[in-house]
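> The following comprises the amino acid sequence and a computationally predicted model.
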Amino acid sequence: MKQINQNSVLVRVPASTANLGPGFDTLGMALSLYAWLEISVADTTTFEFYGEGNEELPKDKSNLIYKVAQMVFLEAGVAVPDLHIKFYSDIPLTRGLGSSATAIIAALIAANALIDSPLSDNRLFQIATALEGHPDNVGASMFGGIVVAAWDGEKAEYVKLTPPSQLTTLVVIPEFHLATEKARQVIPDELEMADAVFNVGRSSLLVAALATGQLQLLAHAMQDRLHQPYRTPLIPGMSHILEQSVQHGALGVALSGAGPTIITFVDRDLAATSKNQLERFLLETLSEQNITASTHWLDPCNNGSVVMKQAVSESLQLPFLDRIKGEINV
Ligand SMILES: Nc1ncnc2c1ncn2[C@@H]1O[C@H](COP(=O)(O)OP(=O)(O)OP(=O)(O)O)[C@@H](O)[C@H]1O
Ligand SMILES: N[C@@H](CCO)C(=O)O
């Protein structure tokens, strides 16, 4: 068995929005909202979680982060150590911003870095895709930018695009949780050919529009008939937001991942008054349905996961995080 040379590793992983409308299980974009994971070799396995909802996560060896780290050690043929796991996340759980993908990617990258990275990034991506069941969130969280990916159940292939510099996003995050598993159950097993053609056209146009910076095409290109129509009953107010956001200043709009968060794509030079108007529209539409929500302006994040270079003695404490959030621009 190989030996572990480092004591501690800290990684930062961005949130992601999946599908971008028509690219179900295929398109993902990293967002400027982050989770941090620090793992250290320890005598017994212990956990510290910070961030909304994270204190509820299992704090034993059934925890996703612990189990995924073990997969890396096992595949690399390294003696499985006990770990001290510290996780801090600004990414809300079960809201459509890829929290499960960030946990998986963070665990894979941190565990691999702890043992001097014997597994390639591509291998980590393959493991992450198989664990998550689709490559869109994990690809974006790992590589950053916009990831276009296809998985056949065995192998995932992807291309990363740099998001257009004019593009920013406004997300509206409802207070309620919606597990991806539940939001996948409502999608039918079969599809009309006309709807399939509709989505192939929109998804292809969307990738071309994003690759060439033709943001005026987003309103058309972000339309979907594959999953959003079936998920609208799960999110009251969503159909009105999908229909009306462009009239309220957005370039395009989509359900973020499996929801309930809705993401609007916005020209970063849009006038401040129009930005405020869009924000009000989103919040008021949900409020009319008695849904409390918050809005956040999030830029696309072109960097994927990063192993932070910091002294091993520094730990993942909140004052430390405040400092790295302010100082490190990766
Ligand atoms: N840090 C973590 N440690 C352990 N489990 C986690 C962690 N983060 C997320 N999870 C698991 O992932 C679940 C959320 O995943 P889910 O796919 O339902 O939503 P999401 O990933 O936030 O949204 P989406 O996939 O739609 O973008 C949580 O309920 C929890 O079980
Ligand atoms: N593509 C996935 C993303 C959420 O994990 C879905 O829409 O179900």
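Right, received. Where do you want to start? Numbers count the residues shown, from 1 in each chain. Ligands and ions are numbered 1, 2, ... in the order given.

> quick one: contacts of stretch 210-217?
146, 161, 163-167, 205-206, 208-209, 251, 265, 267 (Cβ atoms under 8 Å, 6 or more residues apart in numbering). All C-beta atoms are positioned from the backbone trio N, CA, C, and that covers glycine.

> Kindly report the residues of this structure close to ligand 1.
18, 57, 63-65, 87, 93-101, 103, 137, 179-180, 257-258 (Cβ under 6 Å from any ligand atom).

> Among these, which ones lie close to ligand 2?
Applying Cβ under 6 Å from any ligand atom to the residues of the chain next to ligand 1, those adjacent to ligand 2 are 18, 137, 180, 257-258.

> Of all the helix elements in the chain, which one is longest?
helix 193-212 (DSSP state H).

> quick one: buried residues of that one?
198-199, 202-203, 205-207, 209-210 (16 or more other Cβ atoms under 10 Å).

> Give me the mean pLDDT for it.
Across helix 193-212, the average pLDDT comes to 98.

> Alpha carbons only: can I get that helix in PDB?
What follows is helix 193-212, C-alpha atoms only, in PDB (Å, rounded to 0.1, in the frame of the first residue of the first chain):
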ATOM      1  CA  MET A 193     -41.000  13.200 -32.000                       C
ATOM      2  CA  ALA A 194     -42.000  16.800 -32.400                       C
ATOM      3  CA  ASP A 195     -40.900  17.600 -28.900                       C
ATOM      4  CA  ALA A 196     -37.600  15.800 -29.400                       C
ATOM      5  CA  VAL A 197     -36.900  17.800 -32.600                       C
ATOM      6  CA  PHE A 198     -37.900  21.000 -30.700                       C
ATOM      7  CA  ASN A 199     -35.300  20.200 -28.000                       C
ATOM      8  CA  VAL A 200     -32.500  19.100 -30.400                       C
ATOM      9  CA  GLY A 201     -33.000  22.400 -32.300                       C
ATOM     10  CA  ARG A 202     -33.000  24.600 -29.200                       C
ATOM     11  CA  SER A 203     -30.100  22.800 -27.400                       C
ATOM     12  CA  SER A 204     -27.900  22.900 -30.500                       C
ATOM     13  CA  LEU A 205     -28.800  26.600 -31.100                       C
ATOM     14  CA  LEU A 206     -28.100  27.400 -27.500                       C
ATOM     15  CA  VAL A 207     -24.600  25.800 -27.600                       C
ATOM     16  CA  ALA A 208     -23.800  27.700 -30.800                       C
ATOM     17  CA  ALA A 209     -25.200  31.000 -29.400                       C
ATOM     18  CA  LEU A 210     -23.100  30.700 -26.200                       C
ATOM     19  CA  ALA A 211     -20.000  29.700 -28.100                       C
ATOM     20  CA  THR A 212     -20.300  32.700 -30.400                       C
END
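
> Buried residues in whichever helix or strand comes after that helix, which are they?
The helix or strand immediately downstream of helix 193-212 is helix 218-221, counting by DSSP states H and E. For helix 218-221, the neighbour count (16+ other Cβ under 10 Å) marks 218-219, 221 as buried.

> roughly how far out does stretch 121-134 sit from the chain middle?
Distance, stretch centre to chain centre, for stretch 121-134: 14 Å (Cα atoms, centre = their mean, to the nearest Å).

> Tell me if it is near ligand 2.
Yes: under the criterion of Cβ under 6 Å from any ligand atom, ligand 2 is reached by stretch 121-134 at residue 134.

> For the stretch 201-330 of the chain, which residue gets nearest to ligand 1?
As assessed by Cβ to the nearest ligand atom, ligand 1 sits closest to residue 257 within the stretch 201-330 of the chain, at 2.9 Å.

> Which residues outside stretch 145-160 are in contact with it?
20, 23, 25-30, 125-126, 129, 134-136, 139-140, 143-144, 161-163, 207, 210, 300-302, 304.

> what about it, how long is it end to end?
End-to-end distance of stretch 145-160 (Cα to Cα, to the nearest Å): 6 Å.

> Could you break the chain into its assigned domains?
8-162+303-327, 167-298 (automatic domain parsing).

> Show me how far the lengthiest strand in the chain is from its chain's centre.
For the chain, the strand with the greatest residue count under DSSP state E is strand 27-42. In terms of Cα atoms, centre = their mean, the centre of strand 27-42 is found 9 Å from the chain centre.

> The helix or strand following it packs against which elements?
Proceeding N to C from strand 27-42, the next assigned helix or strand is strand 46-50, under DSSP H and E. Where contact means 3 or more Cβ pairs under 8 Å, 6 or more residues apart in numbering; DSSP states H and E, strand 46-50 is packed against strand 82-89.
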